[in-house]
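Q: let's see this in three dimensions:
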Amino acid sequence: MTTTKAAAKTKKPFNLLEWAKSRKGQQAIIIVLFTIIPLTLLFVFTYYPFAEMFKFSFYDMSYTRVKKYVGFENYLKVFKRDDCFRALWLSLYYMAGAAIQLVLALYLATVLSFKVKGGSFFKGFMFFPYLINGIAIGFIFKFFYTRGFVLDTVLQWIGFDLENLPYWLKDTSINNWSLVFTSVWKYFGQNMVLFIGAIMSVDSELYEAAMLDGANRWQQFKYIMLPSIKTIFMLNLIMSITGSLSAFEPPYVVLSGGANGTATYFVKMNEIAHTSQKVGLASAMAIVLLIIIFAATIAQKLFFKYVFKDATDEDKGAAARREKKLAKLRAKGAK
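A: As a prediction, the model looks like this:
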């Protein structure tokens, strides 16, 4: 008892300087510093500006005028103003393009995931547009769609008459589809590469076992490949939907700020914020867009959870049947 008390009395007090010089202390300091620095940058350049933008959305203000509190009036204006609402609906064109983009990327990824002559060349060739700057792509397609230039010349070679061809950037019935094509051309290579990486990570023995069960190529794709890459598929889908809602470069560059009814939500937001200097309304538009993206993401997750639920149950049954068949083959081999 006396010895324990003596040991407690002789215990050295905590020395911060010695602890900081020790290996354990230096490790803790490095961990804290590496945590504090990115969190500080994230707060200063992301969370704090977002909080300020959210606050601005409740005010009628500009860059120079004193702000006035208006409550939810800016949010109501987003849906009441024809230009804002029309710009939001234009996102449907880009969503349709995103669907085409994903289908095309998944098809080519499925083909190129297996041994194809010149497959590496085609992968690089199709991924290359994603590496080009968006502004440069805008100027490329502005020249491509100009009356009498590249596209019209190619169509005339095929046999079309120039007088019968539409104005690809002036005709309001087709100009938005023309701009959507530029986004598809730029981004489908990125989706394709992500799909290829996911498909190649699937165990090849699953395909062999499925062939033993008599599964054809479509059944292998539906019950093995697609459920195995559903995480990457959802990632590509979310990025495509987000990109569709925030399309900016095609209409802004190709048609000089969204002329001829091509101004997307982001282009209109940029115009309202910087040209009209209605910062409060532009902030409300950004918050509305964020809510729409969140809602679309949640809806996608729920949809895929429901769609793949039955497929997962069927996979369990197929796995059990496959094990039985393999056991029979082993038994025959043993005999």
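
Q: burial measure for the nearest residue to residue 141 once chain neighbours are set aside, as a count.
A: Distance criterion C-beta to C-beta, 6 or more residues apart in numbering; nearest residue to residue 141, sequence neighbours excluded, is residue 182 at 4.7 Å. Quick note: C-beta positions are derived from backbone N, CA and C, even for glycine. When neighbours are defined as other C-beta atoms under 10 Å, residue 182 has 25 of them.

Q: mind listing what residue 182 touches?
A: Residue 182 makes contact with 137-138, 141, 250, 254 under the criterion C-beta atoms under 8 Å, 6 or more residues apart in numbering.

Q: just send those back as JSON lines, with secondary structure too.
A: Listed next are those as JSON lines, based on DSSP: H, G, I helix; E, B strand; the rest coil:
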{"residue": "137", "secondary structure": "helix"}
{"residue": "138", "secondary structure": "helix"}
{"residue": "141", "secondary structure": "helix"}
{"residue": "250", "secondary structure": "helix"}
{"residue": "254", "secondary structure": "helix"}
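
Q: for the residue nearest to the spatial centre of the chain, give its distance to residue 177.
A: When the chain is reduced to its mean C-alpha position, the closest residue under C-alpha atoms, centre = their mean turns out to be residue 239, at 1.1 Å. Applying C-beta to C-beta, to the nearest Å, the value for residue 239 to residue 177 is 21 Å.

Q: and what of residue 183?
A: 11 Å.

Q: compare neighbour counts for those two and give me the winner.
A: Neighbours were counted for residue 183 and for residue 177 using other C-beta under 10 Å; residue 183 has more, 22 against 13.

Q: any idea of the mean pLDDT for stretch 155-173?
A: Per-region confidence: stretch 155-173 scores 90 on mean pLDDT.

Q: surely residue 259 is in a strand?
A: No - assessed with three-state DSSP, residue 259 is coil; it does not lie in a strand.

Q: next up, the contacts around it.
A: Per C-beta under 8 Å, 6+ apart, neighbours of residue 259: none.

Q: in what helix or strand does the residue nearest to the centre of the chain lie?
A: helix 230-245 (DSSP states H and E).

Q: may I see the buried residues of that helix?
A: 230, 232-234, 236-237, 239-241, 243-245 (16 or more other C-beta atoms under 10 Å).

Q: same check, this time on stretch 242-257
A: For stretch 242-257, a neighbour-count test (16+ other C-beta under 10 Å) marks 243-255 as buried.

Q: ok, now stretch 51-65?
A: 53, 56-61.

Q: can you redo the residues you listed as a markdown table with pLDDT?
A: Converted to a markdown table, those look like this (pLDDT from 0 to 100):
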| residue | pLDDT |
| --- | --- |
| 53 | 92 |
| 56 | 92 |
| 57 | 92 |
| 58 | 93 |
| 59 | 92 |
| 60 | 90 |
| 61 | 88 |
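
Q: what's the closest of these to residue 196?
A: When the buried residues of stretch 51-65 are compared for distance to residue 196 (C-beta to C-beta), residue 53 wins out at 37.9 Å.

Q: residues in contact with that closest one?
A: 283, 286-287.
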